[in-house]
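Asks: Predicted model and sequence follow; I will ask about them next.
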Amino acid sequence: MFNALTAMPADPILGLLTQYRQDTHPQKIDLGVGVYKDPIGNTPILDCVKTAERLRTESETTKVYIGPTGSPQFNTLMTELAFGEAHSALIADRIRTVSTPGGTGALRVAAEFIKSCNPNAVLWVSDPTWVNHTGLFEAAGITVKTYPYYDYDAKTLKFDEMKAALNKIGSNDVVLLHACCHNPSGMDLTNAQWDEVISITAKQGFTPLIDMAYQGFGDGVDEDAYGVRQMAAQVEEMILCSSCSKNFGLYRERIGACSIMAKDSTKANIAFSVLLYVVRCIYSMPPAHGAALVETILGDAQLKQQWLDELTVMRNRINGNRQMLVNKLIEQGVKQDFSFIANQKGMFSFLGINAEQVETLKKEHSIYMVGSSRMSIAGISETNVDYLAKSIAIIL
């Protein structure tokens, strides 16, 4: 059976990481892997997480399954974090949430759920989008198409083109939107633009699927959920996929959530039964440890405030890195305008150089980023930014 297989192409980011680790250059810089790093290049465990782990260890009495839905408390707290505690959809009991193995697991659950709802639905994603979006949904047998989003030349949104495309999408399809910190462009919708997109969504009747992998990394926990909350207030149905990998630093714990919102409580219960069947057929039961940590933090006022404070530190560091790089490029005498980097949000930006220049940065300067020039902003630090800016100036 295996003789019929052909090798799949290697993941470009993992390949970059391997090359980076083998590089002996003393000033090498990794701008490829999308994880948060502190000023010395580590991805630390948050202090609130350490406290929650201690409490978890002391109180845990069993390792038995927690059921396909996951922890009810985690699901409730994650729903409130995303939608807001007093959201009208919550009050009307229209939302159902399950724990999933990370944000990626939430997306795959959403894909299979959509397939159960309508096998012929087309999923529309932004151009560009997170590279794994297409594979996840195509693996579920869903056709994936793109709508215009990022203008590589102008370093801004193709918002008029985006609206024109959305206005042609019918009610049987699904449109995937990034809640905040767009991956890979870093270019987010403004609140006013969200309002226009939501108006189109309500008019056209397609199902919005919002991917929220970076809540709190853009402008703040509540600010980053603007699109989610406004969308939920104005449409009858929607899907939300969220992740605890970045904002809680729980990358390896693999914990996220998939929420569905229906027209009313009765329809929500029906949809929930289908969602649970999907879960049962993929992984049966979700992981428990990460969910226990998150619910411990969100369920305790002091720990939650500590988390918000630590999240603020991470957010401010990333935003500071953006402005720092722009300033250093100016100091290097670069005439090209890179101010767009400081105006974007989240972990990623396109530097806006071509593939040949990206390769030169890697071969001659040991600076690693994806061929599209997408760079992980968290890889920049005060100790490497001068070398980075000087190297970029050389290859321009």
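Replies: Now that the structure is in, tell me what you want to look at.
Asks: in the stretch 201-350 of the chain, which spans are helices?
Replies: For the stretch 201-350 of the chain, the helices defined by DSSP state H, counting those that start in this stretch cover 226-234, 265-282, 289-298, 301-331, 339-343.
Asks: which one of the ones you listed lies closest to Ala139?
Replies: helix 265-282 (11.1 Å; CB to CB). From N, CA and C alone the C-beta is placed, and that goes for glycine too.
Asks: Show me which residues of that closest one are buried.
Replies: For helix 265-282, a neighbour-count test (16 or more other CB atoms under 10 Å) marks 268, 271-272, 275-276, 278-279, 282 as buried.
Asks: what would those look like in CSV with distance to Leu177 and pLDDT?
Replies: Output for the buried residues of helix 265-282, formatted as CSV (distance: CB to CB, whole Å; pLDDT from 0 to 100):
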residue, distance to Leu177, pLDDT
Ala268, 21, 98
Ala271, 20, 98
Phe272, 22, 98
Leu275, 20, 98
Leu276, 25, 98
Val278, 21, 98
Val279, 23, 98
Ile282, 24, 96
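Asks: now those in CSV, with distance to Phe340?
Replies: Shown next, in CSV, are those (distance: CB to CB, whole Å):
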residue, distance to Phe340
Ala268, 41
Ala271, 40
Phe272, 42
Leu275, 39
Leu276, 44
Val278, 40
Val279, 41
Ile282, 39
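Asks: quick check, nearest of these to Gly102?
Replies: When the buried residues of helix 265-282 are compared for distance to Gly102 (CB to CB), Ile282 wins out at 12.7 Å.
Asks: isn't that closest one right up against Ala110?
Replies: No: between Ile282 and Ala110 there is no contact under CB atoms under 8 Å: 11.3 Å.
Asks: Put the alpha carbons of stretch 209-219 into PDB.
Replies: Extracted as PDB, the C-alpha positions of stretch 209-219 are listed here (Å, rounded to 0.1, in the frame of the first residue of the first chain):
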ATOM      1  CA  LEU A 209     -16.100  31.800  10.500                       C
ATOM      2  CA  ILE A 210     -13.800  34.000  12.600                       C
ATOM      3  CA  ASP A 211     -10.400  32.700  13.500                       C
ATOM      4  CA  MET A 212      -9.100  34.300  16.700                       C
ATOM      5  CA  ALA A 213      -5.700  33.000  17.500                       C
ATOM      6  CA  TYR A 214      -4.200  36.200  19.000                       C
ATOM      7  CA  GLN A 215      -6.800  37.800  21.200                       C
ATOM      8  CA  GLY A 216      -4.900  40.400  23.300                       C
ATOM      9  CA  PHE A 217      -1.900  40.600  21.100                       C
ATOM     10  CA  GLY A 218      -3.200  43.500  19.000                       C
ATOM     11  CA  ASP A 219      -4.700  46.300  21.100                       C
END
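Asks: Could you list the buried residues of that stretch?
Replies: Buried residues in stretch 209-219 (16+ other CB under 10 Å): 209-218.
Asks: chain center to that stretch, what's the gap?
Replies: Computed by CA atoms, centre = their mean, to the nearest Å, the separation of stretch 209-219 from the middle of its chain amounts to 6 Å.
Asks: now stretch 359-366
Replies: With CA atoms, centre = their mean as the basis, stretch 359-366 stands 28 Å off its chain's centre.
Asks: just stretch 362-374 next, same as before
Replies: Put simply, stretch 362-374 sits 22 Å off its chain's centre (CA atoms, centre = their mean).
Asks: any idea of the mean pLDDT for stretch 370-388?
Replies: When pLDDT is averaged over stretch 370-388, the result is 96.
Asks: hey, where'd the strands end up in the stretch 1-150 of the chain?
Replies: Ranges of strands in the stretch 1-150 of the chain, per DSSP state E, counting those that start in this stretch, are 29-30, 95-100, 122-127, 143-148, 150-151.
Asks: how about those in CSV, adding mean neighbour count, distance to Asn42 and mean pLDDT?
Replies: Formatted as CSV, the strands of the stretch 1-150 of the chain follow (neighbours: other CB atoms under 10 Å; distance: least, CB to CB, whole Å; pLDDT from 0 to 100):
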stretch, mean neighbour count, distance to Asn42, mean pLDDT
strand 29-30, 24, 12, 96
strand 95-100, 26, 27, 98
strand 122-127, 21, 32, 98
strand 143-148, 16, 36, 98
strand 150-151, 17, 31, 98
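Asks: Please name whichever of these is nearest to Arg322.
Replies: Nearest of those (CB to CB): strand 29-30, 15.6 Å.
Asks: what's the spacing between the closest one and its chain's center?
Replies: 21 Å.
Asks: What strands flank that strand, and is each parallel or antiparallel?
Replies: When pairing is defined by DSSP bridges, strand 29-30 lines up against strand 367-368 (parallel).
Asks: For Ile297, which non-adjacent residue is closest in space?
Replies: Leu303 (4.6 Å; CB to CB, 6 or more residues apart in numbering).
Asks: That neighbour - how many residues pack around it?
Replies: Counted with other CB atoms under 10 Å, residues neighbouring Leu303 total 19.
Asks: Same check on Thr6?
Replies: Using other CB under 10 Å, Thr6 has 4 neighbouring residues.
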